[in-house]
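Asker: Structural data only, the sequence is not supplied:
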């Protein structure tokens, strides 16, 4: 069964995380993603832990966002390599890059040049601050964008200062935004016939995910602070609570849920306490309510409470470690965790974060070794074995 992007050819110049995450989403959904790497390879191929996978140039962080892609090595400083790129672009649908603005132009393969070769080309450029504006030439990294976008200012505990989220959030949000932008441009091309530039600024992308916080500030002037583990609603029972052996997050947001919670906790007298008669009074007496709830929850272990909450329809989730989450039974019925065979043995990776009834995302080929598909792709582009051998001798590939 074909996938949504079957037949779509992507020439991928991206490195590290934001860009590769975007092209990975397309590759999962059937696009033929040709990853252009230097002869030394993407820096992410080689990590800092010196395990066997990293020594092979298949470090887990790289594998996580480069499955299904074909790897081609090219020295883009050589004119012959630029000739190869232009030939590939003739039949490509998408080019993705996350260099600093201007780098691709200096190489002679910027958007203005490539669109003349292929007017139907979708050219996606991911950068820190976009292709236009006073900061367009400024290099950007995940932590820098987390800081400048406002994300860190609302994360963590007030007494500890601004806090980064626990993953490369700005990179991943930017990659997801880029994938959506490319998909939108491809769909638009079906009825206009035209390619276009997709300009993704990382700071824009993160702000897009903070739509509620920015809109509320712009409408009302409210300045959001660090909420620790409290729900964005500021309702006291949308928070983290300690149990006898761990932690549970409650997501009790309605009055019926609140009543059920107090009944399960054995604290039904709280329902008649004037301090907690509605959400306004509960918020005003947040600390006292938190102590009551946590005091009850500390008497039993997390597993017991999760079972009781589930029976009473009280929204709650146990705080799991990454290994614990990966072992949850629910993933036996989902497709987000997938196994791919490699010459070194099977590995499990994360696929698409959604399912399609027909032709959804899947891992269909093992992660590529550096330059594994160079000859294959060059042959498809029309180069003869002799020409390929000549390029190898000249260290073009």
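Answerer: Arrived safely, thanks for sending. None of the values given here were measured: they were computed from a predicted structure.
Asker: And residue 111, how far from residue 134?
Answerer: As for residue 111, its distance to residue 134 is 20 Å (criterion: Cβ to Cβ, to the nearest Å). Any C-beta I mention is one placed from the backbone N, CA and C, and that applies to glycine too.
Asker: And residue 308, by the same measure?
Answerer: The span separating residue 308 from residue 134 equals 56 Å under the rule Cβ to Cβ.
Asker: neighbour count winner among those two?
Answerer: For the pair residue 308 and residue 134, the greater number of neighbours falls to residue 308 (14 against 7), based on other Cβ atoms under 10 Å.
Asker: Please confirm that the more buried one is located within a strand.
Answerer: No. Looking at residue 308 with DSSP: H, G, I helix; E, B strand; the rest coil, it is helix, so not inside a strand.
Asker: pretty sure it is touching residue 266, no?
Answerer: No. Judged on Cβ atoms under 8 Å, residue 308 makes no contact with residue 266 at a distance of 10.3 Å.
Asker: For the closest residue in space to residue 266 that isn't next to it in sequence, what is the enclosing helix or strand?
Answerer: The shortest distance from residue 266 to any non-neighbouring residue, by Cβ to Cβ, 6 or more residues apart in numbering, is to residue 296 (6.5 Å). Under the assignment given by DSSP states H and E, the secondary-structure element containing residue 296 is helix 286-297.
Asker: tell me which element the nearest residue to residue 222 once chain neighbours are set aside is part of?
Answerer: Counting by Cβ to Cβ, 6+ apart, the nearest residue to residue 222 once its immediate chain neighbours are dropped is residue 216, at 5.3 Å. For residue 216, the host element (DSSP H and E) is helix 211-220.
Asker: what ranges do the helices span in the stretch 201-350 of the chain?
Answerer: In the stretch 201-350 of the chain, the segments counted as helices under DSSP state H, counting those that start in this stretch are 202-209, 211-220, 255-265, 279-284, 286-297, 302-312, 322-326.
Asker: tell me which residues in the host helix or strand of residue 53 are buried?
Answerer: Per DSSP H and E, residue 53 falls inside helix 52-55. Using 16 or more other Cβ atoms under 10 Å as the test for burial, helix 52-55 gives 53, 54.
Asker: distance between that helix and the chain's centre?
Answerer: Between the mean C-alpha point of helix 52-55 and the mean C-alpha point of its chain there is a distance of 24 Å (Cα atoms, centre = their mean, to the nearest Å).
Asker: Please apply the same query to stretch 26-38.
Answerer: Per Cα atoms, centre = their mean, the displacement of stretch 26-38 from the mean C-alpha position of its chain is 16 Å.
Asker: just stretch 295-307 next, same as before
Answerer: Counting by Cα atoms, centre = their mean, stretch 295-307 is centred 33 Å from the centre of its parent chain.
Asker: end-to-end on that stretch?
Answerer: Looking at stretch 295-307, the gap from its leading to its trailing residue is 18 Å under the measure Cα to Cα, to the nearest Å.
Asker: now what about that stretch, what contacts it?
Answerer: By Cβ atoms under 8 Å, 6 or more residues apart in numbering, the surrounding residues in contact with stretch 295-307 are 241-248, 265-267, 316-318.
Asker: Tabulate these (JSON lines), appending distance to residue 274.
Answerer: Shown next, in JSON lines, are these (distance: Cβ to Cβ, whole Å):
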{"residue": "241", "distance to residue 274": "23"}
{"residue": "242", "distance to residue 274": "27"}
{"residue": "243", "distance to residue 274": "28"}
{"residue": "244", "distance to residue 274": "30"}
{"residue": "245", "distance to residue 274": "34"}
{"residue": "246", "distance to residue 274": "33"}
{"residue": "247", "distance to residue 274": "30"}
{"residue": "248", "distance to residue 274": "27"}
{"residue": "265", "distance to residue 274": "19"}
{"residue": "266", "distance to residue 274": "20"}
{"residue": "267", "distance to residue 274": "15"}
{"residue": "316", "distance to residue 274": "26"}
{"residue": "317", "distance to residue 274": "31"}
{"residue": "318", "distance to residue 274": "33"}
